[in-house]
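[1] Need a 3D model of the sequence below.
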Amino acid sequence: MNGAVKRLRPKMMTACTILVRPDPVALQHGIGSEIMKRVAALHGRGVITSTALELLIYPAIYLVWKKREL
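    Below you'll find the predicted structure:
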């Protein structure tokens, strides 16, 4: 539980930095840009998913696991 609290600020700062900054790959025009736009979109989704897993799902699984242990 304490680990999740200590990890909240760094994880949110990293996720916000990645998602808020303009992504030059997504704004490109030219040869190969169609594929790179898809990669950039998947990158953003991956950041959102990893943030949700680390801050919401993993602590919930840990609590269930600890309750079963007791």
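[2] Please count neighbours and contacts with C-alpha atoms only from this point.
    OK.
[3] Quick one: residues contacting the residue nearest the centre of the chain.
    Nearest to the geometric centre of the chain sits Val47, at 2.6 Å (CA atoms, centre = their mean). Val47 makes contact with 15, 18-19, according to CA atoms under 8 Å, 6 or more residues apart in numbering.
[4] among the residues you listed, who's most crowded?
    In terms of neighbours by other CA atoms under 10 Å, the contacts of Val47 top out with Ala15 at 17 neighbours.
[5] give me the element that one is part of.
    Counting by DSSP states H and E, the element that carries Ala15 is helix 2-20.
[6] Equivalent analysis for Gly30, please.
    Using DSSP H and E, Gly30 falls within no helix or strand.
[7] How about the backbone phi and psi for it?
    The phi/psi pair for Gly30 (degrees, to the nearest 10) reads phi 140, psi -170.
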